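>>> just a sequence and a predicted model for now, questions to come.
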Amino acid sequence: MHMRKFLFTAVVVALAGGGTASADCAGQDILAQLETSEPGILAELETRSAAVPNHEGRFWKIEKPGVGTSWLVGTYHDTEIAKRGISGDMLEALGAAERIVVEVTDEEQAKIAIRMATDLTFAFDMAAKPLDERIDPSLLPQFEEILATRGLNVAAVRFMRPWLLMSLLGVPACQQQAMAAGAEVMDAVLIGHAKGDGLPVLGLETHEEALSAFDRISADDMIALIEDALRTYSVVEEEDLRRSAVNLYLAGKTYAIWEMGVMLSERSGGDVALRKRATGILWEDVMIARNKRWAPKLLAEVAKGGTFVAVGALHLPTDEGVIQILRDAGYTVTRLD
């Protein structure tokens with residue numbers, strides 16, 4: 001699936017079963033493969049990424065005269081990063097901090113699972129036309145296949161709200177299986193360390209605010225996006241894309257993760273115009289609008305000094321990203337990784 005979707009771990013853990021994926025979960029770096037068939041693709045990715053301010057970097061120091069030092073980490077929601085991407089320097093900074101600020105606290109994330117367990121209308125619309133009757137009949141075999149890798153079947157999702165299904169299908173099967181088995185993503189590990197040290201854990205938004213970012217994509221467009229993804233779906237491909245994104249993150253090429261998805265989408269055919277429109281909405285609503293909404297609380301906490309901020313890495317780049325918000329408020333933000 002070439003366009004990344006965003007949702008929180010609680011949704012995946014609540015919905016995903018054991019799955020039946022048999023592909024090698026290690027994946028292969030698709031950019032390295034494409035460099036052979038399309039020489040220069042890495043240079044193109046670098047050029048497109050470099051046009052965006054603060055396009056690289058995972059770990060930053062935040063300073064201002066008269067204010068105690070704070071830190072900023074761009075996280076990546078993948079279980080492998082939780083094992084490989086948390087450096088000793090990050091943990092040392094967290095140990096020196098007085099509080100941690102995250103996108104959504106684990107208590108807020110737990111509310112998603114509670115709502116799905118207690119409020120049928122949150123995840124399902126029983127009055128809507130069933131999804132298997134809205135999806136192109138020729139794509140139903142692929143639909144069955146992708147659901148099976150997630151421990152689901154068509155009967156289980158017939159009335160699922162399209163935004164939830166799109167988000168669920170956007171998380172690779174192997175990743176879902178790891179999460180369902182108890183593996184944690186980077187954010188959860190950092191929160192665990194903070195709680196172990198007795199630090200307050202503060203959230204920048206509620207789960208309702210986070211999920212509202214999906215509201216601008218219509219159900220019909222989401223169905224079309226699901227169909228578009230089904231036309232090229234394979235377990236192998238999604239694991240290759242995951243491997244590529246993880247490698248970019250570990251190399252500190254944070255914005256390139258987004259730009260890679262855009263580039264591959266442009267090369268994949270299908271409804272490119274629809275994906276471009278939806279991608280634009282997701283970037284504006286899932287990234288930029290949330291950055292702006294976070295800004296007052298983020299700046300208030302950083303002004304106290306000793307604040308460890310951990311938010312998704314794609315919230316850091318661009319002239320409307322978290323790094324620029326801090327700099328516009330008079331802080332010096334220095335890359336440490």
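Happy to help now that I have it.
>>> what segments of the stretch 151-300 of the chain are helices?
For the stretch 151-300 of the chain, the helices defined by DSSP state H, counting those that start in this stretch occupy 154-157, 162-169, 173-180, 186-196, 207-211, 219-230, 235-250, 254-267, 272-282, 289-302.
>>> end to end on stretch 156-173, go ahead and measure it.
17 Å (Cα to Cα, to the nearest Å).
>>> in that stretch, what's buried?
Within stretch 156-173, the residues that qualify as buried are 157-173, counting by 16 or more other Cβ atoms under 10 Å. To be clear about C-beta, it is placed using only N, CA and C from the backbone, and glycine gets the same treatment.
>>> pLDDT on it, on average?
Here stretch 156-173 scores 86 as its mean pLDDT.
>>> and for stretch 259-271?
In this model, stretch 259-271 carries a mean pLDDT of 79.
>>> need the helices of the stretch 151-300 of the chain in a markdown table with distance to residue 336, can you?
A markdown table is the format used below for the helices of the stretch 151-300 of the chain (distance: least, Cβ to Cβ, whole Å):
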| stretch | distance to residue 336 |
| --- | --- |
| helix 154-157 | 43 |
| helix 162-169 | 32 |
| helix 173-180 | 28 |
| helix 186-196 | 15 |
| helix 207-211 | 27 |
| helix 219-230 | 37 |
| helix 235-250 | 15 |
| helix 254-267 | 14 |
| helix 272-282 | 29 |
| helix 289-302 | 16 |
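>>> and these, which one averages the lowest pLDDT?
It's helix 272-282: among the helices of the stretch 151-300 of the chain, that one has the lowest mean pLDDT, namely a mean of 78.
>>> which of the residues in it are buried?
Of the residues in helix 272-282, those buried under the neighbour-count criterion (16+ other Cβ under 10 Å) are 275, 278-279, 281-282.
>>> export that helix as CSV, just CAs?
Once side chains and other backbone atoms are set aside, the C-alpha atoms of helix 272-282 remain, and they are given as CSV (Å, rounded to 0.1, in the frame of the first residue of the first chain):
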residue,chain,number,x,y,z
VAL,A,272,-3.0,8.8,-8.9
ALA,A,273,-5.2,11.9,-8.8
LEU,A,274,-7.3,10.4,-6.0
ARG,A,275,-4.2,9.4,-4.0
LYS,A,276,-2.7,12.8,-4.5
ARG,A,277,-5.8,14.6,-3.2
ALA,A,278,-6.2,12.3,-0.2
THR,A,279,-2.4,12.5,0.6
GLY,A,280,-2.7,16.3,0.6
ILE,A,281,-5.6,16.2,3.0
LEU,A,282,-3.8,13.7,5.2
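>>> does residue 124 touch residue 163 like I think?
No. Between residue 124 and residue 163 there is no contact, the gap being 11.9 Å when judged by Cβ atoms under 8 Å.
>>> tilt between the helix or strand encompassing residue 69 and helix 235-250?
Following DSSP states H and E, the helix or strand that holds residue 69 is strand 67-75. Strand 67-75 runs at 160 degrees relative to helix 235-250, counting by axes from the mean of the first three to the mean of the last three Cα atoms, to 10 degrees.
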